[in-house]
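Visitor: Okay, structure incoming, though there's no sequence with it:
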């Protein structure tokens, strides 16, 4: 489907979904502007502050169900990760959204320990990752129905992940390039079911623009509003062909692999969306983090080799100054890193009618 034809498609082709913020009490404070769910519990949306919407702390790339996760001592991981998060906090970061899914090293107990020690708001997720040739999918993702999978994710929302009371703040999926595989389609339908019951937003790691267009239409047909969808790794659409089209639909366009070598490309993407009046749909992050590695009999944590020598910072130290020089105002950049994540991840009550 070409860009012009996609833009012309009706916004909702299936059931109409109505979402609204509910007035929720948080201590003595009313959360009339919606809320997000952190590893420490509900947080008013307007308390998120400066937010990185797509990062990782520790990821285990061994593969689903091959080893017992985590394969490290939490106390060791805590000591190793704490300085990096304290540095990010000291530089002005308030909220850290950890996008590591189940079966790739998600460790919500560690996330909560680090949140409490640093004062950072940390948000984790539910959902499964079907990109990378489905290496990180558990066997039951193939054998169970969408309804059964939805029950698993709903349990994490209602009772906490691994029954520890720590609840997810969004749904994280991963798909490859081009046409969606049957298991990817099933996971997307599962996410739609859970979103419509919980209001959790859906963030999808995406191989290319074709896949993004396809799952957007699928979710719309399932009754999900496009503004409940975050296109993760939108930079993989290297020509930017579909950025405007999906942003006009209402989707959030997440450029989340920034490093100094991508400066010109990211500036071009952002300036293009600014010219279309769509900066309110832009999210920015690094996709930084550390991988679990085994060296002899020891477990070590290797920083991703993605061009950022210091994790979690170059969006602010490199990209921001360049954007300000090229016509993006300080207020507009502030909107991208403060307001847009709040709207993208806030939890709304949805009903289908």
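Guide: Here it is on my side, so go on. All values reported here derive from a predicted model rather than from experimental measurement. Residues are numbered from 1 along each chain as shown.
Visitor: Stretch 50-66: which residues count as buried?
Guide: Under the neighbour-count criterion of 16 or more other Cβ atoms under 10 Å, stretch 50-66 has 50-60, 62, 64 buried. Any C-beta I mention is one placed from the backbone N, CA and C, and that applies to glycine too.
Visitor: what do you get for stretch 300-314?
Guide: By neighbour count with 16+ other Cβ under 10 Å, stretch 300-314 contains the buried residues 301, 304, 308, 311, 312, 313, 314.
Visitor: Can you tell me which of the buried residues of stretch 50-66 is closest to residue 196?
Guide: Using Cβ to Cβ, residue 53 is the member of the buried residues of stretch 50-66 that lies nearest residue 196, at 22.1 Å.
Visitor: my read: the closest one touches residue 255, true?
Guide: No - Residue 53 lies out of contact with residue 255 (Cβ atoms under 8 Å); the separation is 10.2 Å.
Visitor: Need the residues touching each of the two.
Guide: Common neighbours of residue 53 and residue 255, using Cβ atoms under 8 Å, 6 or more residues apart in numbering, are 283, 284, 285.
Visitor: Could you tell me which of the buried residues of stretch 300-314 are located in helices?
Guide: Members of these lying in helices (criterion: DSSP state H): residue 314.
Visitor: Which pair of the buried residues of stretch 300-314 spans the longest distance?
Guide: Largest separation among those by Cβ to Cβ: 301 and 314, giving 19.7 Å.
Visitor: so who does residue 338 touch?
Guide: The neighbours of residue 338, taking Cβ under 8 Å, 6+ apart as the test, are 48, 49, 50, 51.
Visitor: and the gap between residue 134 and residue 37?
Guide: Note on residue 134: its distance to residue 37, by Cβ to Cβ, to the nearest Å, is 28 Å.
Visitor: ok, these two, which is more surrounded?
Guide: The neighbour count for residue 134 versus residue 37, taken as other Cβ atoms under 10 Å, is higher for residue 37 (23 against 18).
Visitor: in which helix or strand would I find that one?
Guide: Assessed by DSSP states H and E, residue 37 sits inside strand 35-38.
Visitor: and that strand, what's its mean pLDDT?
Guide: Averaging pLDDT along strand 35-38 yields 98.
Visitor: list the buried ones in that strand?
Guide: Within strand 35-38, the residues that qualify as buried by neighbour count (16+ other Cβ under 10 Å) are 35, 36, 37, 38.
Visitor: For the chain, which segments count as helices?
Guide: Along the chain, counting by DSSP H, helices occupy 3-8, 74-90, 108-118, 140-143, 146-159, 182-198, 209-221, 243-249, 263-275, 314, 320-325, 330-334, 340-345.
Visitor: Reformat the ones you listed as a markdown table; add distance to residue 234 and mean pLDDT.
Guide: Listed next are those as a markdown table, based on distance: least, Cβ to Cβ, whole Å; pLDDT from 0 to 100:
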| stretch | distance to residue 234 | mean pLDDT |
| --- | --- | --- |
| helix 3-8 | 14 | 37 |
| helix 74-90 | 23 | 98 |
| helix 108-118 | 25 | 98 |
| helix 140-143 | 25 | 98 |
| helix 146-159 | 24 | 98 |
| helix 182-198 | 17 | 98 |
| helix 209-221 | 7 | 98 |
| helix 243-249 | 6 | 97 |
| helix 263-275 | 8 | 98 |
| helix 314 | 18 | 98 |
| helix 320-325 | 17 | 98 |
| helix 330-334 | 18 | 98 |
| helix 340-345 | 13 | 98 |
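Visitor: Could you dump the buried residues of strand 35-38 into CSV with distance to residue 191 added?
Guide: Formatted as CSV, these follow (distance: Cβ to Cβ, whole Å):
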residue, distance to residue 191
35, 20
36, 18
37, 16
38, 20
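Visitor: wait, what's in contact with residue 238?
Guide: Contacts for residue 238 (Cβ under 8 Å, 6+ apart) come out as residue 265.
Visitor: ok, 10 Å please
Guide: Residues near residue 238 by Cβ atoms under 10 Å, 6 or more residues apart in numbering: 208, 209, 265, 269.
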